[in-house]
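>>> With the input below, show me the fold.
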Amino acid sequence: MADLSPIQTACLAALAAHFPSATYLAGADVPTRNEADTSFLPRVRPIALVRPDTPEGVADAMRICADHGVAVVPQGGLTGLAGGAHPIEGAVVLSLERLSGIEEIDAAAATMTVRAGTPLEVIQQAALEAGFFVPLDLGARGSCLIGGNLGTNAGGNRVIRYGMAREMVLGLEYVLADGTLVTSLNKMIKNNAGYDLKQLFIGSEGTLGIITRAVLRLQPRPGCTLAALCGVGSYEQVVSLLAASRRGLGPLLSAFEVMWPDYWREATETVKGIRKPIEGRHAFYVLLEVQGLSEDVDGPRFMEWLESQFAAGLIEDAAISQSMADVAMFWRTRDAAGEFQTVLGPHVAFDIGLPVARMDAFADVCRARLAEALPGMLSVYYGHIGDGNIHIVALQRGASPQPSAEISRIVYETVREFDGTISAEHGIGTVKKPYLSYTRSAGELALMATLKKALDPQGILNPGKVFDLPPA
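Model (predicted):
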């Protein structure tokens, strides 16, 4: 770490005077885990780490840094893949890990008030114990924190039914770049009193403010969860099956996941412990999940619908869950991507959005372009097709390091040609920043810059993330 400037030295002295030793760490005392998120960017040692355990503490830390003009990088569970929580040179890291806890579950309002550093899995479990359900769910549920989930507007597995993270938030508390604490912990679904300010901060990746508390809208706890893993003969039939599931299952439909055969092969033949629920080769593999009120009522309804899809020729083969263990087994085929780092080695992962009807054409073009440009390429395709989100895992076998820049260029240029988005649910951070103009117009980027300058005139709150401000 480079020598500190007089301004940085003064800032750290003010932080050290204000915060106890358990809350403030500097220099060699900063844990190595705070030097990086999960984006595989080179590690950066922050000049200090502040870990407040109250919203007021977050505000105090931000105000001290603002008074000295020192940059602040907010951090949650460090599970982000786009570099949004990655430290930058000369910055203070403000971690929310100690700002944890569930403050209230209001059964009458069906809400939960949580602190930003609470792990998602803790929130899910508390909701279940109270007879409710938090539909936001991702593979990193045990380590990701709700503040980061909201800061990136996380999606996950059940967006087709419940929407993105922003759909689950009724109220929000946040700290602005100057250290102002704004509290608006609204519990009402209907509240049109002026601007809906919380939406500025959900999905802003900590560039406009730091989320400290949130009021989450709870859903009724499902009475039953059922699933089927289906083999389908063509992408046209996948699209038809999606339409039929929306029409025939309605609000019961909670997930519609599609796996291309290249992904299926790697997931079921490479990752240890993954069982194939269905045998034989199919053009596509579809995981359908429904959540109902009663298995006695919704189970026969689901079976009747599946039988109708067999009769219509949309399903070639299917395994149907008989227990929650079966449901979990089906999901393991879809979640096997989390093991690819171990079994396939270093790779480049993509989270993109596309028009549903064009996804297979995109996959064909993208796969061919990668193979032509980089011999030995492997790219596999899967995702939440029901909400227009597809994931890609790509690697050049035997290459060290991976040609990430060239792989990214090919993928994102193809996304632009197919009128897609470079980020469906993981944010922009620094990794996708060079490609933001592929998805957002010049007018949109200018408006983003206007908002950033208005809320963070010094440019000290997570600077360099999402986009670069134009020169003054």
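>>> Quickly note the distance from the nearest residue to residue 149 once chain neighbours are set aside to residue 203.
Beyond its immediate neighbours in the sequence, the residue positioned closest to residue 149 (CB to CB, 6 or more residues apart in numbering) is residue 165, lying 5.5 Å away. C-beta coordinates here come from the backbone N, C-alpha and C atoms, glycine included. Residue 165 sits 8 Å away from residue 203, going by CB to CB, to the nearest Å.
>>> Got the phi and psi for the closest residue to residue 414 other than its chain neighbours?
What sits nearest to residue 414 in space, not counting adjacent residues and going by CB to CB, 6+ apart, is residue 366, at 4.7 Å. Backbone torsions of residue 366, given as degrees, to the nearest 10, read phi -60, psi -40.
>>> Can you verify my assumption that residue 366 contacts residue 411?
Yes. Between residue 366 and residue 411 there is a contact under CB atoms under 8 Å: 6.0 Å.
>>> neighbour-wise, which of these two wins?
When residue 366 and residue 411 are compared on other CB atoms under 10 Å, the one with more neighbours turns out to be residue 366, at 25 against 22.
>>> ok, now which ones touch that one?
By CB atoms under 8 Å, 6 or more residues apart in numbering, the contact set of residue 366 is 379, 392, 410, 411, 414.
>>> Next step: the residues you listed restricted to helices.
410, 411, 414 (DSSP state H).
>>> Name the next helix or strand following the longest helix seen in the chain along the chain.
Identified as the longest helix of the chain according to DSSP H is helix 295-311. Using DSSP states H and E, the helix or strand that follows helix 295-311 in sequence is strand 317-320.
>>> That next one pairs with which strands, parallel or anti?
In the sheet, strand 317-320 lines up against strand 224-232 (antiparallel) (DSSP bridges).
>>> which element follows the strand it pairs with toward the C-terminus?
Next helix or strand after strand 224-232 toward the C-terminus (DSSP H and E): helix 235-249.
>>> could the contacts of residue 366 go into TSV alongside pLDDT and distance to residue 305?
Below are the contacts of residue 366 laid out as TSV (pLDDT from 0 to 100; distance: CB to CB, whole Å):
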residue	pLDDT	distance to residue 305
379	97	34
392	96	31
410	98	40
411	98	36
414	98	35
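>>> want to throw these into JSON lines with distance to residue 243?
JSON lines is the format used below for the contacts of residue 366 (distance: CB to CB, whole Å):
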{"residue": "379", "distance to residue 243": "27"}
{"residue": "392", "distance to residue 243": "24"}
{"residue": "410", "distance to residue 243": "31"}
{"residue": "411", "distance to residue 243": "28"}
{"residue": "414", "distance to residue 243": "26"}
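>>> For residue 258, state which of those is nearest.
Of all those, residue 258 sits closest to residue 392, with 13.0 Å by CB to CB.
>>> The stretch 151-300 of the chain: helices as residue ranges?
For the stretch 151-300 of the chain, the helices defined by DSSP state H, counting those that start in this stretch cover 159-162, 198-201, 235-249, 261-269, 295-311.
>>> Highest mean neighbour count out of those helices?
Burial of the helices of the stretch 151-300 of the chain is given as mean neighbour count (mean count of other CB atoms under 10 Å); helix 159-162 ranks first at a mean of 22.
>>> Mind giving me the packing neighbours of that helix?
When contacts are defined as 3 or more CB pairs under 8 Å, 6 or more residues apart in numbering; DSSP states H and E, helix 159-162 sits against strand 253-259.
>>> Please state the offset of the strand it packs on from the chain centre?
In terms of CA atoms, centre = their mean, to the nearest Å, the centre of strand 253-259 is found 17 Å from the chain centre.
>>> returning to what we had before: in a markdown table: the ones in helices among the contacts of residue 366, plus distance to residue 460.
Below are those laid out as a markdown table (distance: CB to CB, whole Å):
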| residue | distance to residue 460 |
| --- | --- |
| 410 | 35 |
| 411 | 33 |
| 414 | 36 |
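>>> and which of those residues is nearest residue 21?
Using CB to CB, these come closest to residue 21 at residue 411, 45.8 Å.
>>> looking at it, the closest one is touching residue 392, isn't it?
Yes. With contact defined as CB under 8 Å, residue 411 counts as touching residue 392 (6.4 Å).
>>> so what's in contact with those two at the same time?
Joint contacts of residue 411 and residue 392 (CB under 8 Å, 6+ apart) are 350, 352, 366.
>>> For these, could you give me a markdown table that also reports pLDDT and distance to residue 67?
What follows is those, written out as a markdown table (pLDDT from 0 to 100; distance: CB to CB, whole Å):
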| residue | pLDDT | distance to residue 67 |
| --- | --- | --- |
| 350 | 95 | 40 |
| 352 | 96 | 41 |
| 366 | 98 | 48 |
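>>> For residue 338, state which of those residues is nearest.
Closest approach between these and residue 338, by CB to CB: residue 350, at 15.1 Å.
>>> Can you give me the separation between the closest one and residue 432?
Per CB to CB, residue 350 is found 9 Å from residue 432.
>>> Which positions in the helix or strand of the chain with the lowest mean pLDDT come out as buried?
One helix or strand of the chain scores below all others by mean pLDDT, DSSP states H and E: helix 340-343, with a mean of 87. Under the neighbour-count criterion of 16 or more other CB atoms under 10 Å, helix 340-343 has residue 340 buried.
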